[in-house]
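Asker: take a look and give me a structure for this.
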Amino acid sequence: MTHPDSTATTTPTVPTARALDRRGFITLASAGLAGSALSVTVGSMTPAGAATSTDTPVASSAAALPAARKRELRAMWISSVVNIDWPSRTGLSADELKAEYLHWLDVAADMNLNAVFVQVRPTADAFWPSPYEPWSQYLTGTQGGDPGFDPLRFVVTETHRRNLELHTWYNPYRVSMQTDPSRLVPEHPARQHPDWVWPYGGKLYFDPGLPEAREHIYRAILHSVEHYDIDGVHFDDYFYPYPVAGQTLPDAATYAAHGAGFDTIEAWRRNNVDEFVREVSERIKALKPWVKFGISPFGIWRNAATDPRGSDTNGSQSYDNQFADTRRWVLEGWLDYVNPQIYWQLGLAVADYRKLVPWWADVAAQSGAHLYVGEALYKVTSGVFTDPAELSNHLTYCAEVTEAGTPVHGNVHFSAVHVPQDPQGSMSRVRADHYAHPALVPAMPHLPRTPVRVPVLTHVGATGDGVELHWVDAAPHRARATSFAVYRVPGRHGGPDAVDVDDATHLLATVRSSGRVLQQLTDTTALPGERYTYVVTALDRVWNESGPSRPRHV
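Answerer: Model prediction:
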């Protein structure tokens, strides 16, 4: 991923109450939220390794829209490096930083997303008080500068308040966006251990071939896993850096010292990354088995012309250029999900979306990993995608691949700043065609589950604000639900089949547990005088669902 610059201003707010607004979006009533009035200025983007000579649009698909899906991951990346999305610029006050993040949660709620991928370690720095690395310069403008609060703690609390799944996003090897170690704070690990890093392509990197450097990265990342209630650990496509013409990776000495047993430096580099991914995966699961681990690689593993196991494409190959054997990581079971950046059009000759999605779906299906497709919303903004229906057509095609038997479990949009811009109305079309109703995050059967109980819906009554629902989570503390799903159908219905909870159009909202026995929600989308029937289900932290409560109607 490469990134634009952006600026924004907001007025801080403190959320106080939960409701559904008339459009069906979960909102937080507050004392004068101004985040939705955020103004943004965005530059152009050109992704590393992307082919552009054949980037020509294809006509909109005339295929019928797929049925609404009850379970699919819907997410956006919130980038912090060079202040792409959040924070929009350095030097914001703590209240301004908080307000900007709340704005992005508003954006996610308005789009009916159910997850966010938030970059919290962009360049060997931290968005939390880490004992291993300094505060990120993208918070205050000064590396090591204390922002006056714990941003990651705030992100966890507020993201979960909206019942969004939180994947914290880390760049493993990148140390700095420039090459001068003296510009890092004196206590930075790259200053303390200059032999761990080397410059390449205008940036500093930890040497992936050094066991000491890898151990530092493990500790830095896993500190946040241990101390924060995150839902997933996420890496993007940057492992060994993308090739730069005329430059050679400066790791010959490391290979001489640590490369015994490998015939080529390329095989050794690939093994370094393989071992890093395997070790991170195992350590995450040892700490918290329910935390998901996923990676968002460049969209092409290898071309079939190079390797018959590869895709029918003709572009840059991450196996060879970033030494990232993502296919192996999936097949070995090291990843809970793979999120390839399939940032090209349907029908593009060099890298056809229509060929890459089923290739990745087949790889993921072999191990049971989930497949979330990375979507290039920024290419609508930059003018590469000229068909306003391109992204909606992508999601339609993903549904077709799923129906054919190799599931696509969702889509992630890059990046947040482009979502409210709605270039060419593309995201409005995605919402209308695919995200009109809420959706649950797909459950992963291999993750540990909590035996949540069926809730007891105790009260449904009309009020001046809509319909108020009360229900009870009667499970013992260890089996309490993490959240709840509320379903609604028009009319008054009784019996166990009053509401079909498998019908995605009946899902009204998901609600985070208050932590208490008694739960409540006000459905302000209910029309005055109309009759409705409701049921509620319980969800554990990895989205396994109980059966429905007994129905109640109003």
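Asker: for T510, what are phi and psi?
Answerer: For T510, the backbone dihedrals are phi -120, psi 150 (criterion: degrees, to the nearest 10).
Asker: quick check, K355 in a helix?
Answerer: Yes - membership of K355 in a helix is supported by DSSP: H, G, I helix; E, B strand; the rest coil.
Asker: okay, now it: neighbour count?
Answerer: Number of residues near K355 (other CB atoms under 10 Å) recorded here: 17. Yep, even glycine has a C-beta here, placed from its N, CA and C like the rest.
Asker: correct me if wrong: it contacts G315.
Answerer: No - with contacts counted by CB atoms under 8 Å, K355 stays clear of G315, the gap being 11.2 Å.
Asker: find the nearest non-adjacent residue to P129, please.
Answerer: The shortest distance from P129 to any residue other than its chain neighbours is 6.3 Å, reached at D150 (CB to CB, 6 or more residues apart in numbering).
Asker: report pLDDT for S30.
Answerer: Note on S30: pLDDT of 27.
Asker: what sits against the residue most central in space within the chain?
Answerer: Nearest residue to the geometric centre of the chain (CA atoms, centre = their mean): F117, 3.1 Å. Contact partners of F117, counting by CB atoms under 8 Å, 6 or more residues apart in numbering, are A75, M76, W77, I78, H167, W169, G232, H234, V412.
Asker: ok so, going back, looks like the residue nearest to P129 contacts A126 (just checking).
Answerer: No - with contact defined as CB under 8 Å, D150 does not count as touching A126 (10.3 Å).
Asker: so if I had to pick from those two, which one is more boxed in?
Answerer: Ranked by neighbour count (other CB under 10 Å), D150 and A126 place A126 first, with 23 against 15.
Asker: count the residues that sit near the residue lying closest to that one once chain neighbours are set aside.
Answerer: With sequence-adjacent residues excluded and distances taken as CB to CB, 6+ apart, A126 is closest to E133, at 5.0 Å. E133: 26 surrounding residues under other CB under 10 Å.
Asker: residue contacts, E133?
Answerer: R121, A124, D125, A126, H188, P189, A220.
Asker: could you dump those residues into CSV with distance to D502 added?
Answerer: Supplementary listing: those in CSV, determined by distance: CB to CB, whole Å:
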residue, distance to D502
R121, 39
A124, 46
D125, 45
A126, 43
H188, 53
P189, 51
A220, 43
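Asker: closest to D433 among these?
Answerer: Using CB to CB, the shortest approach to D433 within the contacts of E133 belongs to R121, at 34.9 Å.
Asker: helices or strands next to the helix or strand harbouring F154 in the packing?
Answerer: If you go by DSSP states H and E, F154 is part of helix 151-161. Applying 3 or more CB pairs under 8 Å, 6 or more residues apart in numbering; DSSP states H and E, one finds that helix 151-161 contacts helix 94-110, strand 115-121, strand 165-170.
Asker: and the angle from it to strand 165-170?
Answerer: 160 degrees (axes from the mean of the first three to the mean of the last three CA atoms, to 10 degrees).
Asker: and the contacts of helix 151-161?
Answerer: So helix 151-161 is contacted by 15, 28, 97-98, 101-102, 105, 116, 118, 120, 126-128, 139, 165-166, 168, 224, 228-230, 512 (CB under 8 Å, 6+ apart).
Asker: with stretch 312-327 instead?
Answerer: For stretch 312-327, the external contacting residues (CB under 8 Å, 6+ apart) are 49-51, 237-243, 266, 269-270, 272-274, 295, 297-307, 309-310, 338, 340, 349-352, 355-356, 359, 363.
Asker: tell me which residues of it are tucked away?
Answerer: 313-327 (16 or more other CB atoms under 10 Å).
Asker: mind listing what's buried in the lengthiest helix in the chain?
Answerer: Longest helix in the chain by number of residues (criterion: DSSP state H): helix 265-287. Neighbour-count burial for helix 265-287 flags 265, 268-274, 276-277, 280-281, 283-285 (criterion: 16+ other CB under 10 Å).
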